[in-house]
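Asker: can't give you the sequence, but here's the structure:
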């Protein structure tokens, strides 16, 4: 269950809150964020690991803590401050570290052997359809299986005090805009690149890189499991069932600007000035004619209405009018109507585009038939045949019309 969400520009930077200090340690990093850059986003939580997002894992402890360096587990001299990338070994999609049995290096070392994990889902910008970069945090203070395992696995514990709120272990989720597209600046955050830009900016360029990183941050959210329940084991996908969360803003669409590194093929802004442009196709939906297999498949759709007939129907237009219909007929067919003794009562030969035939409840000699059961045989050339059973009750002659 999602318990908190907000544009990054509006979040707090206190203890247990998702904000933090700037690279110099003096001011809140949210000053880099621009609320005007916030966009509508779809965040999907899914057990399908093929759709998981490779991303940095951020330290959420409100005070700098000494944690083992992933490249040297015995070195705890370098403290990791809040919102810095964790220095633990990166993990694969099953939460395994290098050296553990079953470890997958293709997943665990993708774009960084330290500080990288997998968010169990993905984020899509609803205005452009682009997949976005993400990050998530965990608080090493809690240790054990919730604060130091490099997994997004919040619990259901929520604690609120006078000046703090601890939400499910501090597993905050960060979604980043593609500022490279909107600004045309190749040094800004791109669309989803498996966490490569974030890893480089946060690890190798801590000051200017952090500024570029948090300038692009769009939404922040937190999650908690329903009390009395728990997530699945990571080997089974963590998320019990897919969950979609829409974070929407009422604002005009921005115009598209071509940029270096944009997905191929590029967007032709000459067609609509860079505004939203949509195409659709009716291929496969067109009407088909003279398809014999369709006739065969629809023989069972042929019917008589109303059935049974109790002295009148909605098709009749006067007191002297008696009428039922054969419906769902093909263009060409032959209809033979028999009584229960096998005597032919009426025959229709249809060869037109109508899909029905009216029967005035008279025989071949134009004499009204008696009430009872009738067997109707419909033969469709080249397709097959079907047999219908019909029961009718005739009404008395209306002498007022004579």
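Answerer: Received it, and whenever you're ready, just let me know what you need. Predicted model, so just to flag it, every value in this text is computed and none were measured.

Asker: in this protein, which spans are helices?
Answerer: Secondary structure of the chain by DSSP state H: the helices cover 105-108, 144-147, 179-183, 196-203, 208-215, 292-297.

Asker: Now render those helices as JSON lines, adding distance to residue 310, mean neighbour count and mean pLDDT.
Answerer: Quick note: C-beta positions are derived from backbone N, CA and C, even for glycine. Converted to JSON lines, the helices of the chain look like this (distance: least, C-beta to C-beta, whole Å; neighbours: other C-beta atoms under 10 Å; pLDDT from 0 to 100):
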{"stretch": "helix 105-108", "distance to residue 310": "70", "mean neighbour count": "15", "mean pLDDT": "95"}
{"stretch": "helix 144-147", "distance to residue 310": "71", "mean neighbour count": "14", "mean pLDDT": "77"}
{"stretch": "helix 179-183", "distance to residue 310": "69", "mean neighbour count": "20", "mean pLDDT": "82"}
{"stretch": "helix 196-203", "distance to residue 310": "74", "mean neighbour count": "21", "mean pLDDT": "89"}
{"stretch": "helix 208-215", "distance to residue 310": "76", "mean neighbour count": "20", "mean pLDDT": "82"}
{"stretch": "helix 292-297", "distance to residue 310": "32", "mean neighbour count": "12", "mean pLDDT": "77"}
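
Asker: okay if I get the ones you listed as a markdown table plus distance to residue 394?
Answerer: Formatted as a markdown table, those follow (distance: least, C-beta to C-beta, whole Å):
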| stretch | distance to residue 394 |
| --- | --- |
| helix 105-108 | 78 |
| helix 144-147 | 80 |
| helix 179-183 | 75 |
| helix 196-203 | 82 |
| helix 208-215 | 84 |
| helix 292-297 | 33 |
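
Asker: out of those, which comes closest to residue 19?
Answerer: Proximity to residue 19, assessed across those by C-beta to C-beta, is greatest for helix 208-215 (9.0 Å).

Asker: Just name whatever secondary elements that closest one is in contact with.
Answerer: The contact analysis (3 or more C-beta pairs under 8 Å, 6 or more residues apart in numbering; DSSP states H and E) places helix 208-215 against helix 196-203.

Asker: list the contacts for the residue nearest to residue 115 when sequence neighbours are not counted?
Answerer: Leaving out its chain neighbours, the residue that sits closest to residue 115 by C-beta to C-beta, 6 or more residues apart in numbering is residue 85, at 3.7 Å. When contacts are counted by C-beta atoms under 8 Å, 6 or more residues apart in numbering, residue 85 is found next to 56-59, 114-115, 199, 202-203.

Asker: Swap in 6 Å and give it another go.
Answerer: 56, 115, 202-203 (C-beta atoms under 6 Å, 6 or more residues apart in numbering).

Asker: for residue 270, same thing?
Answerer: Under the criterion of C-beta under 6 Å, 6+ apart, residue 270 has no contact partners.
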